[in-house]
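Participant: sharing a sequence plus its predicted fold:
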Amino acid sequence: MKLARAVQRPPVVLAQAEKIAVLIVASSACGNSALPAPSYAPQPTSALAEVPYPPPPARVEQVPASPRRNATWIDGEWTWKGKRWLWTCGRWVVPPSGARYSPWAIVRGKDGTLWEAPGTWRDEHGEPIAAPAALADATVSEAAVVDSFGELHAPGRVIHAQSKGAER
């Protein structure tokens, strides 16, 4: 009876394969890095509101082609609406002149309290201003999302910026 021998690859091949794997993971982790983004501003602590529990996993979105040369992409985000999280679709917008965007943020306090700040456009003084109209919204997958424990969650409602906050 012959014993099967484990096939061993030379260390050089493994090193090259590992480098390729790292490059693939690194490039896929950058996701939307090729999309034009607005100038960013930090969220002030005054923008934070307490929420009772964290948002579900992010929704999967398909980004449409840019509708205009000067448009920038705003990623989709979870938004706390009274008693539940709603997904606000990613969208193409033309940034207001001189404005910067503060992306949504989730912060956990030292005492375990959870705080959320919605994505907000801010003027040159850091004051909130009206969001520009969406030129095109992302298409959102209706499939369940998987959390970090591998459990499936129903996707919940979606807010489309083009329809001025209408839920679906």
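Facilitator: Arrived safely.
Participant: and for the residue lying closest to residue 91 once chain neighbours are set aside, the neighbour number?
Facilitator: Nearest residue to residue 91, sequence neighbours excluded (Cβ to Cβ, 6 or more residues apart in numbering): residue 134, at 4.0 Å. Backbone N, C-alpha and C define where each C-beta goes, glycine included. Counted by other Cβ atoms under 10 Å, the residues lying close to residue 134 total 20.
Participant: residue 134 against residue 92, yeah?
Facilitator: Yes: using Cβ atoms under 8 Å, residue 134 is in contact with residue 92, at 6.8 Å.
Participant: just the terminal-to-terminal distance for stretch 132-151.
Facilitator: Taking Cα to Cα, to the nearest Å as the measure, stretch 132-151 stretches 36 Å from start to finish.
Participant: list of residues touching it?
Facilitator: 56-64, 67-68, 71, 76, 87, 89-96, 121, 152-155, 158, 160-162 (Cβ atoms under 8 Å, 6 or more residues apart in numbering).
Participant: stretch 51-66 now?
Facilitator: Contacts of stretch 51-66 (Cβ under 8 Å, 6+ apart): 32, 35-36, 73, 76, 78, 80, 85, 87, 89-90, 92, 106, 114-116, 136-141, 143, 145-148, 153, 155-156, 158.
Participant: can you show me the CA trace of that stretch as PDB?
Facilitator: C-alpha atoms of stretch 51-66 as PDB (Å, rounded to 0.1, in the frame of the first residue of the first chain):
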ATOM      1  CA  VAL A  51     -29.700  55.400  19.800                       C
ATOM      2  CA  PRO A  52     -30.800  52.200  21.600                       C
ATOM      3  CA  TYR A  53     -29.000  49.600  19.400                       C
ATOM      4  CA  PRO A  54     -26.500  49.500  16.500                       C
ATOM      5  CA  PRO A  55     -27.500  49.500  12.900                       C
ATOM      6  CA  PRO A  56     -27.700  46.300  10.800                       C
ATOM      7  CA  PRO A  57     -25.000  45.400   8.400                       C
ATOM      8  CA  ALA A  58     -24.600  47.700   5.500                       C
ATOM      9  CA  ARG A  59     -26.800  47.100   2.400                       C
ATOM     10  CA  VAL A  60     -25.300  46.000  -0.900                       C
ATOM     11  CA  GLU A  61     -25.600  48.800  -3.500                       C
ATOM     12  CA  GLN A  62     -24.900  49.000  -7.200                       C
ATOM     13  CA  VAL A  63     -23.500  52.400  -8.100                       C
ATOM     14  CA  PRO A  64     -24.900  53.900 -11.300                       C
ATOM     15  CA  ALA A  65     -22.700  55.700 -13.800                       C
ATOM     16  CA  SER A  66     -22.000  59.300 -12.900                       C
END
